[in-house]
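**Student:** Test case, fold it:
(one chain, ligands or ions: 1)
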Amino acid sequence: MVRQLTPLQLTGREDSHLVELPCGNRLRAEAARAFGRLQAEAAEAGFALAIASSFRSYERQRSIWNGKAGGQRPVHDDAGRPVDMATLSRGEQLRAILRYSAIPGTSRHHWGTDLDVYDAAALPADYRLQLSPREVAPGGLFDPLHRWLDERMAAGASHGFFRPYARDTGGVAPERWHLSFAPLAQACEARLSRELLLSCWACDPGEEPLALLDEIQADLPAILARYVAVAPGWCPAPGTGA
Ligand SMILES: [Zn+2]
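**Tutor:** Model (predicted):
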């Protein structure tokens with residue numbers, strides 16, 4: 001029986017639920033083992049399935065979030081153009097960031113079950129990995145890997161990995177590179193409540209306050225429904241191995 005994460009682990013403020021992979025990335029042990037099996041099968045099919053990002057802490061997510069809210073990091077629109085944050089209201093700023101970045105405490109990357117992948121074998125020399133929609137679109141660098149992954153998922157042979165952001169439902173933009181280990185992630189998803197998040201932000205130990213927190217709290221139920229909840233059925237084989 002797999003143990004439940006504590007509230008601190010679930011919101012990325014504690015990392016004792018993780019193991020380190022040889023590549024230096026961190027995941028929960030069950031997810032790491034399953035990913036190793038998927039990676040070995042990908043290698044047989046000619047792909048070097050690699051992790052661009054796995055566990056991300058609350059502090060790291062806050063630095064990304066605050067950097068975008070404060071204008072030190074770029075925010076892009078759906079066409080990939082930079083957004084001029086200074087011309088937006090605070091509510092509009094919040095939604096522009098939410099399209100591509102999770103509020104600290106709500107990121108699936110806190111759980112040790114979710115990861116962003118690419119095909120290291122398809123990477124040209126001196127190419128800088130972007131994880132952009134273009135790289136994973138039909139004809140893109142990583143499209144063959146993702147087509148192979150789609151086939152594995154459809155066949156129920158993806159070792160529990162599925163795509164929570166496969167489709168655009170008006171919330172988080174589609175992220176074909178983002179995989180989630182459903183047998184553990186579904187339980188995390190179910191526990192991410194308003195109460196848990198409000199207490200997480202209330203006792204944020206950081207020296208740096210979370211940007212746009214008033215706007216987040218003022219509209220929390222709608223934000224959770226649109227940007228944190230993922231479409232039911234994102235994982236077509238619920239309970240596999242859980
Ligand atoms: Zn991701």
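**Student:** what's around the closest residue to the ion within the chain, how many residues?
**Tutor:** Nearest residue of the chain to the ion (C-beta to the ion) works out as His178 at 3.7 Å. For every residue, glycine as well, the C-beta is placed using N, CA and C. Other residues lying near His178 total 21 when counted by other C-beta atoms under 10 Å.
**Student:** Would you enumerate the residues in contact with the nearest residue to Ala173 once chain neighbours are set aside?
**Tutor:** Excluding its sequence neighbours, the residue lying closest to Ala173 (C-beta to C-beta, 6 or more residues apart in numbering) is Arg99, at 5.2 Å. Each residue near Arg99 by C-beta atoms under 8 Å, 6 or more residues apart in numbering is listed here: 77-78, 171-173.
**Student:** His146 versus Arg99, what's the distance?
**Tutor:** 21 Å (C-beta to C-beta, to the nearest Å).
**Student:** and if you look at Ala29?
**Tutor:** 26 Å.
**Student:** same check, this time on Ala218
**Tutor:** 38 Å.
**Student:** Which one of those two is surrounded by more residues?
**Tutor:** Higher neighbour count among Ala218 and His146: His146, with 21 against 13, using other C-beta under 10 Å.
**Student:** Is that one within a helix or a strand, and which one?
**Tutor:** In this assignment (DSSP states H and E), His146 forms part of helix 143-154.
**Student:** helices or strands up against that helix?
**Tutor:** Contacts defined by 3 or more C-beta pairs under 8 Å, 6 or more residues apart in numbering; DSSP states H and E place helix 143-154 against helix 29-44, strand 114-119, strand 161-162.
**Student:** Generate TSV for these, with distance to Gly67 and mean neighbour count as supplementary columns.
**Tutor:** Below are the helices and strands packed on helix 143-154 laid out as TSV (distance: least, C-beta to C-beta, whole Å; neighbours: other C-beta atoms under 10 Å):
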stretch	distance to Gly67	mean neighbour count
helix 29-44	28	17
strand 114-119	18	24
strand 161-162	29	23
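**Student:** Any stretches of this structure with poor pLDDT?
**Tutor:** 1, 204-206, 237-242 (pLDDT under 70).
**Student:** Look at Leu27 and say how many residues are nearby.
**Tutor:** 26.
**Student:** thinking again about what came up before, pretty sure the residue of the chain closest to the ion sits against Phe162.
**Tutor:** No. Using C-beta atoms under 8 Å, His178 is not in contact with Phe162, being 10.0 Å away.
**Student:** For the spatially closest residue to Leu115 that is not a sequence neighbour, give me its contacts.
**Tutor:** For Leu115, ignoring the flanking residues on the chain, the nearest one in space by C-beta to C-beta, 6+ apart is Ser54 at 4.3 Å. Contacts for Ser54 were tallied using C-beta under 8 Å, 6+ apart; they are 21, 25-27, 109, 112, 114-116.
**Student:** do that again at 6 Å, thanks
**Tutor:** Counting by C-beta atoms under 6 Å, 6 or more residues apart in numbering, Ser54 makes contact with 25-27, 115.
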